[in-house]
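> Based on what follows, work out the 3D shape:
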Amino acid sequence: MFESADAVLLARFQFAFTVAFHIIFPSFSIGLASFLAVLEGLWLITKRDVYLRLFKYWVRIFAVAFGMGVVSGVVMAYQIGTNWGVFADRAGPIIGPLMGYEVLSAFFLEAGFLGVMLFGLNRVGKGLHFFSTLMVAIGTLGSAFWILSVNSWMQTPAGYEMNEVGQFVAADWAAVIFNPSFPYRLVHMVLAAYITTALVVGAVGAWHLLRGNREEPIRIMFSMAMWMLTIVVPMQLYAGDAHGRNTLEYQPAKIAAIEGHYESYPDGHAPLILLGWPSNEAGETLYSIEVPLLGSLILTHDLTSPLQGLDAFPREDWPPTTIVFFTFRAMVGLGVLMLGLGLFSLYKRIRHKLYDSTWLHRYAVIMGPAGFAAVLCGWVTTEVGRQPFTVYNLLRTADSASPLDAPAVGASLLAFIIVYFFIFGAGTLYILRLMRGTPASSEEAPISEGPTRTAGFTQIQAPEHSRRPEAGD
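Residues are numbered from 1 along each chain as shown. Below you'll find the predicted structure:
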């Protein structure tokens, strides 16, 4: 089946497939962990039971998403060893310690306090439990810190030197960690995680509102999600612009591919290509729809600053332009829709119709998965735009792979596809089932009552009368 396939291309597809599945869960759990810390903090400050009910509702969903994120992440380290042995050998002295720091600091922190957060509400003091929730939230952010430091170094390598056997070794660890693109990527990804979580929480709240459930927990979760979108999406637009300008400075070929510019503009005045079909074979963007001058204004904030096109780089160094051209536009388009949802909710809030607008609620439900789609499009743009290099301008992808046998890589790729869709599909369906419940229902509040011990096992129970009848019961 895979005899005539390119083994390196199959290995790239395999890594891309597993990374795409993995990034979905951290982009949700990072934001959800912070949301849980906010909810518990509000409960402690205000003493209002509604925040505790929301905490109990979302913490169970967080536990499932966190578990799937951990499991899906383990596979990537396995693939680096099997499929990308040369990369592991050449970049290991830098990549290995950074990944180790993530495990020793961030992952151990969040994993160590996770059990207390999930099961300790009735076993430890309120202060200690809140501290545990904060540690889990900080741990998720710490994981993002180290993982993005690794990826950013591969995009904009700094602080390294080459040893006698051709390996990258650290000459300055501070420069390695805080490489030129790292701060921009970290801010951009963390804000994306918060937006993704806000869209999911808002969609769940809106779905219940559409079903006629206007209880206080539903209204509060929807209101908090809409506030998050209203505030954070404009911040993300600013962060994205700063990230783009940083990429223009350090990875100009990637920006040229994203913009579809095959021709350089030494005097500025570059157009913004809205749509078209970039063709590396033809060396131009076919059927382009352009806005004059706007490309220079957006990229450099100046009409006369020079811009490099792909013609300034060797053709063998051009990234797959068509992919990054469209994934970037998909990400930006989704961002505009998110901004629209935030502004629409603000308008309805001002008019005191936030919980009464059917169109707003439908909009929020439809946008529920949009954060995940935008994150995937952004990562595809970033990673494919770095090609044909694994370490930008220093180590080519074709030279990074292990001696591979295409049928073996293809068979493992097929196995990953089958197993991932089965396991993570089941996990996702379970999360959706949890979201279908309400914060008031006993089956969605596993830590709502004190523990009772039966046959040596701790069981969490809620009184029968706390279960609300569902429609159709």
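> Assign a three-state SS to Gly371, would you?
helix (DSSP: H, G, I helix; E, B strand; the rest coil).
> For the residue nearest to Met338 when sequence neighbours are not counted, list the residues it contacts.
Once flanking residues are discounted, Met338 sits nearest to Val233: 5.0 Å by Cβ to Cβ, 6 or more residues apart in numbering. C-beta coordinates here come from the backbone N, C-alpha and C atoms, glycine included. Under the criterion of Cβ atoms under 8 Å, 6 or more residues apart in numbering, the contact partners of Val233 comprise 195, 335, 338-339, 342.
> any idea which of those residues has the most stuff around it?
Among the contacts of Val233, Ile195 has the most neighbours (other Cβ atoms under 10 Å), with 27 neighbours.
> and the gap between that residue and Trp277?
Noted for Ile195: a distance of 30 Å to Trp277, by Cβ to Cβ, to the nearest Å.
> now do Val336
Taking Cβ to Cβ, one finds Val336 at 22 Å from Trp277.
> Comparing those two, which residue is more hemmed in?
Trp277 (15 against 11).
> doesn't Glu284 make contact with that one?
No - if you go by Cβ atoms under 8 Å, Trp277 and Glu284 don't touch, sitting 9.5 Å apart.
> re earlier: among the contacts of Val233, find me the one that's closest to Phe13.
Phe13 lies nearest to Gly335 out of the contacts of Val233, by Cβ to Cβ, at 27.0 Å.
> Now the helix or strand harbouring that closest one: buried residues?
Using DSSP states H and E, Gly335 sits in helix 321-350. Counting neighbours by 16 or more other Cβ atoms under 10 Å, one finds that the buried residues in helix 321-350 are 321-332, 334-335, 337-339, 341-342, 344-346, 348-349.
> Strands of the stretch 51-200 of the chain, start to end?
For the stretch 51-200 of the chain, strands defined by DSSP state E, counting those that start in this stretch occupy the ranges 160-162, 168-170.
> quick one: secondary structure of Lys254?
Following three-state DSSP, Lys254 is assigned to helix.
> Give me the neighbour count for it.
If you count neighbours by other Cβ under 10 Å, Lys254 ends up with 24.
> contacting residues around it?
247, 319, 324, 385-386.
> Of those, which is the most crowded?
Neighbour max across the contacts of Lys254 (other Cβ under 10 Å) = Val324, 27 neighbours.
> hang on, that one packs against Gly385?
Yes - the pair Val324 / Gly385 is scored as a contact, 4.5 Å apart, by Cβ under 8 Å.
> Name the residues contacting each of the two.
254, 257-258.
> Tell me which two of the contacts of Lys254 sit farthest apart.
Thr247 and Pro319, at 12.1 Å, using Cβ to Cβ across those.
> any chance you could map the helices in the chain?
Assignment of helices within the chain using DSSP state H yields the ranges 7-46, 49-83, 85-101, 108-119, 126-155, 173-177, 182-210, 216-250, 252-259, 294-300, 321-350, 358-366, 370-386, 406-436.
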